[in-house]
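Undergrad: need a structure here:
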Amino acid sequence: MAPTAPSTATANDPQRSRQVFGTLEGFLQVYGDAEFTLYRKNNAAANLTYADWASSEHVLGPFLYHLTLDAWDEGTSSVSH
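TA: Numbering: from 1, shown residues only. A predicted model of the protein is given here:
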């Protein structure tokens, strides 16, 4: 599987990009619909339902990407000068 570009489902929505989640369920509540739409758009043979996608390994890439962004944001926002 070729590497994919980072998700942009919520990159242009500052309110959603600042929400922090700690579980896969929290991620799905915040980003699930947008990420599933991107998955379907970017995978011509994508025949998974949302429920199947949400419980598959396909959701792990976007989940880890957003989790990393949240951790990075949290780690860099608490730096004092």
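
Undergrad: For Leu28, which non-adjacent residue is closest in space?
TA: Nearest residue to Leu28 in three dimensions, chain neighbours excluded: Ala54, at 5.6 Å (C-beta to C-beta, 6 or more residues apart in numbering). (Each C-beta comes from the backbone N, C-alpha and C, glycine too.)

Undergrad: quick one: the one you found and Val30, what's the gap?
TA: Going from Ala54 to Val30 by C-beta to C-beta, to the nearest Å gives 13 Å.

Undergrad: Next one, pLDDT for Ala5 please.
TA: pLDDT, Ala5: 42.

Undergrad: hang on, I meant Arg40
TA: For Arg40, the model assigns a pLDDT of 91.

Undergrad: Give me the secondary structure label for it.
TA: Taken by DSSP: H, G, I helix; E, B strand; the rest coil, the conformation at Arg40 corresponds to helix.
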